[in-house]
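Peer 1: no FASTA, just this:
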Ligand SMILES: Nc1ncnc2c1ncn2[C@@H]1O[C@H](COP(=O)(O)OP(=O)(O)O)[C@@H](O)[C@H]1O
Ligand SMILES: O=P(O)(O)OC[C@H]1O[C@](O)(COP(=O)(O)O)[C@@H](O)[C@@H]1O
Ligand SMILES: [Mg+2]
């Protein structure tokens, strides 16, 4: 395979640029022509494809977002849209595509593979909700961003004897809330994977207050609903002063952590090696710090889908 392309799709994630850089530089090192598709699957349909040099991916290793930009493409969900995408690749003589994205993008990559295009998928999403991997690209950075914010909110919550409720991202996943919750010493975490009873939360807050601690940090994942609604219910039932912060897209940007930079580099290089060896239809992952490549048609185990044992640790360590 001599012509390969790389694209980013779905929600952006810190570290996507690192993976793009690795695909381009390793591809060229091995004698390939490497193309960037601009704007995810939507850009592919529109033929926004440009050859990239090693220099074109200089100065991006430390930058969040994706230099190729991304999209959520309704057209790519249709057979006509995908047929147009395949035609665009054929017109440029591209035989293999590295797709960097989340679970939706992975579904798209499987469809592209079924249409005859060789694909390898790199799990890139802050949500950490993909099968076959203990970690997704961008998750570590997002967790660190949340921890930094939560530390700041704890400072002011302590000063005012308040409850700080922080709503974090995770479309259907509590992973960010669980990891950041343990890391910032949160008193409570509310995630879609665990049934939430507001009475339990209020009992815990009351016990803290009886014990002389009058501030607490609660992390709620967006998948359980609005943090502001939960805060209103706490106020209505127990009368506590609760301030809500929705971190939102703050969590999606920013410079990737070293862990994400190393992961993105390893996956980018591996994706190129697979395609140039003719191994296609693979979803990359990391398990026990080893890079793995699952075949799309293998039953892919979820290695670490929201480790809810973290909620028990958090519960037992917070007082
Ligand atoms: N079942 C599917 N078939 C074809 N394309 C899909 C499918 N699911 C998702 N996609 C494509 O992948 C894009 C990104 O998916 P999305 O779920 O929004 O983000 P992410 O990949 O970050 O999880 C979608 O906008 C769509 O173009
Ligand atoms: O970019 P948008 O459209 O605001 O989407 C927000 C969603 O994207 C995420 O930030 C990341 O999810 P994906 O990587 O799967 O797209 C979710 O946590 C959130 O629910
Ligand atoms: Mg997703």
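Peer 2: Nice, thanks for sending it over. The shown structure was predicted, so the numbers you read here are calculated from the model rather than taken from an experiment. Ligands and ions are numbered 1, 2, ... in the order given.

Peer 1: how about the residues of the protein near ligand 2?
Peer 2: By CB under 6 Å from any ligand atom, the residues of the chain that approach ligand 2 are 10-11, 102, 125-127, 169-171, 222, 252. Where C-beta positions appear, they are placed from N, C-alpha and C, glycine not excepted.

Peer 1: can you give me the end-to-end distance of stretch 178-195?
Peer 2: In stretch 178-195, first residue to last residue: 14 Å (CA to CA, to the nearest Å).

Peer 1: what's the offset of it from the middle of its chain?
Peer 2: On the basis of CA atoms, centre = their mean, to the nearest Å, the separation between the geometric centre of stretch 178-195 and that of its chain is 17 Å.

Peer 1: give me the contacts around it.
Peer 2: For stretch 178-195, contacts defined as CB atoms under 8 Å, 6 or more residues apart in numbering pick out 128, 139, 143, 146-147, 150-151, 154, 168, 170, 172-174, 177, 196, 201, 204-205, 208, 216-221, 223-224, 230, 306-308, 310-311, 313-315, 317-318.

Peer 1: I'd like the distance between the closest residue to residue 310 other than its chain neighbours and residue 116.
Peer 2: Spatially, and ignoring its direct neighbours in sequence, residue 310 is nearest to residue 178 (4.2 Å; CB to CB, 6 or more residues apart in numbering). Distance from residue 178 to residue 116, counting by CB to CB, to the nearest Å: 40 Å.

Peer 1: model confidence for the nearest residue to residue 174 once chain neighbours are set aside, exactly?
Peer 2: Leaving out its chain neighbours, the residue that sits closest to residue 174 by CB to CB, 6+ apart is residue 191, at 2.5 Å. Here the pLDDT value assigned to residue 191 is 98.

Peer 1: how about the residues of this protein by ligand 3?
Peer 2: In this structure, the chain approaches ligand 3 at residues 102-103, judged by CB under 5 Å from the ion.

Peer 1: need the contact list for the one residue in the chain that gets nearest to ligand 3.
Peer 2: Using CB to the ion, the closest approach of the chain to ligand 3 is made by residue 102 at 3.2 Å. Counting by CB under 8 Å, 6+ apart, residue 102 touches 9-11, 13, 123-125, 127, 129-130, 136.
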